[in-house]
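Student: Would you be able to build a 3D model of this:
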Amino acid sequence: MPDDGAFTALCRHVESIARQSDARGLRLYVDKSNKRAQKTCAAPGVVDPDYQVMEAIFGEIKC
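Tutor: Numbers count the residues shown, from 1 in each chain. Down below sits the predicted model:
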């Protein structure tokens with residue numbers, strides 16, 4: 001399994017930058033079926049909001 005420590009460090013860095021920029025918050029999208037990611041993302045102050053994201057994807061996704 002990959003090291004979750006790298007992801008945690010990245011999240012802390014992004015949060016630090018956001019706070020320095022006076023951002024109002026952060027939003028992280030986690031797939032419902034990805035329980036490992038949900039556990040990794042769970043931290044004090046991180047909540048599961050009471051809304052659902054809906055999307056329509058057109059064409060092929062290219063990375």
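Student: contacts, neighbours, all on C-alpha from now
Tutor: Fine.
Student: What does the pLDDT read for the residue positioned nearest the centre of the chain?
Tutor: Centrality entry for the chain: nearest residue to the mean C-alpha point is Leu28, 2.5 Å, by CA atoms, centre = their mean. Leu28 carries a pLDDT value of 84.
Student: Next: Ala23.
Tutor: Predicted confidence (pLDDT) at Ala23: the value is 92.
Student: Which strands or helices does the worst-scoring helix or strand of the chain on mean pLDDT pack on?
Tutor: One helix or strand of the chain scores below all others by mean pLDDT, DSSP states H and E: helix 35-41, with a mean of 82. Applying 3 or more CA pairs under 8 Å, 6 or more residues apart in numbering; DSSP states H and E, we find helix 35-41 packed against helix 4-20.
Student: for the helix it packs on, packing partners?
Tutor: helix 35-41.
Student: for the helix it packs on, which positions count as buried?
Tutor: By neighbour count on 16 or more other CA atoms under 10 Å, the buried set for helix 35-41 is Cys41.
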